[in-house]
Each structure stands twice: as C-alpha cells, then as structure tokens.
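S.K.: make a model of this:
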Amino acid sequence: MLGCMAGPFEILLQQHHELEELLERLASESDVEDLADGQETLSRLLRLHSRLEERCLQPLLTRVEGRTRAREEAEDHLTLRELMEELQELTPRGVEWQARLFTLEDRVVAHVQATEHEVLPRLSASLDAEELAELGHDLALTYEELLDRSQHPPASSRGTLLEPLHWDA
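M.R.: Numbering: from 1, shown residues only. I've put the predicted structure just below:
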C-alpha cells in the first residue's frame, strides 16, 4: 500500500522500522551497558522522528484534516515523549521500567500503524505530485538539519525531548 508513497515518506518509514527494532532489542537486552546505549539511541531517534513529523507533517495535517486532527497527532507525540522520559528515570530491567517499556512499545506500534495506514495515505491522496516532491525535499532537508543539530547539541541540550509546538504561529 505504501510502495507508491514511500518516496516522500521514505525517511519516516525507515525511522518507524528503526524504532520498532530498537524497542524489541531493549526488551530482550540483558547487558547493562548495551541497555543504557540502546535506551539513549531510542531517545535520540524518538526525539528526531517526532521533531521531523511535527515540522513537516503537522502543518500539512492541519491544512488537510484540520486543527483537531493535528492536535491528536501532537498529543500522541507528547505521550511518547513522556513515556521515554519516565523510562529514562527508572532502573533498567526493574518492574516499572519493563511496564513503561512495553507501554512505549505499544504506543510506538500504534503510531506506526496509524501513520503508515491512515495519515500518510490520506496526505498522499490530498497532495499533488509537486507538493509530494516538495514534501520529500523538505523532509530530507529537515532531517539533515535535525541530525546535525543532535550531533552538535548546544550546551543546554539536557532537558526537554521536543521543541514546544506552536499551533498558532
């Protein structure tokens, strides 16, 4: 179903795959150091993915499906961010950590399914070829910018996982 659509959304689809793989790996990882590394990688990827969707897809979603639907998507991102922050504060492999990880995994899988089977097909159907090409270009540029910024963070980078959303900006 996404084959013809993958073009402009390829980066997002790849990130979805990576997020799911990382979560599976974390669920079975026993080495403490690998667990810490995996958790940090998951946090970075989730932050990058959320920012990318919020910067590139949210404005389109607002235009195509309205502000209410776009807010629902933003709330999903907020939930993922909160779960990730909670996970990082808990003792790895503890009962609460496991519960948070499984909840995060469920939410990521639900996000991936909804995005790939509902949001992206609807956006794809609503945009013409030029707009889709522009979106693909925008996603690629924004991804490079965010990736570069995540690898060279400002001194005050510890803190919130996501930039605040500005709906009325």
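
S.K.: list the buried residues of stretch 43-57.
M.R.: Buried residues in stretch 43-57, defined by neighbour count with 16 or more other Cβ atoms under 10 Å: 43, 46-57. C-betas here are computed from N, CA, C, even on glycine.

S.K.: check stretch 29-43 too.
M.R.: 29, 35, 38-39, 42-43.

S.K.: same question for stretch 121-137.
M.R.: So stretch 121-137, judged by 16+ other Cβ under 10 Å, has buried residues 121, 123-124, 127, 132, 135-136.

S.K.: which among those gets closest to Leu83?
M.R.: Leu123 (25.4 Å; Cβ to Cβ).

S.K.: pretty sure the closest one sits against Leu57.
M.R.: Yes - in this structure, Leu123 is within contact of Leu57 by Cβ atoms under 8 Å, at 7.0 Å.

S.K.: hang on, the earlier thing: confidence-wise, which of the buried residues of stretch 29-43 comes last?
M.R.: Within those, pLDDT reaches its minimum at Glu29, with 88.

S.K.: and the gap between the closest residue to that residue other than its chain neighbours and Glu20?
M.R.: Nearest non-adjacent residue to Glu29, counting by Cβ to Cβ, 6 or more residues apart in numbering: Leu35, 4.8 Å away. Leu35 is 17 Å from Glu20, where distance means Cβ to Cβ, to the nearest Å.

S.K.: which helix runs longest in this protein?
M.R.: Taking DSSP state H as the criterion, the chain has its longest helix at helix 32-56.

S.K.: quick check: mean pLDDT of the helix or strand just after it?
M.R.: Using DSSP states H and E, the next helix or strand after helix 32-56 towards the C-terminus is helix 58-65. Helix 58-65 comes out with an average pLDDT of 93.

S.K.: report the angle between helix 58-65 and helix 32-56.
M.R.: Counting by axes from the mean of the first three to the mean of the last three Cα atoms, to 10 degrees, helix 58-65 lies at 50 degrees to helix 32-56.

S.K.: so where's the protein uncertain?
M.R.: Along the chain, the model assigns pLDDT under 70 to residues 1-6, 153-169.
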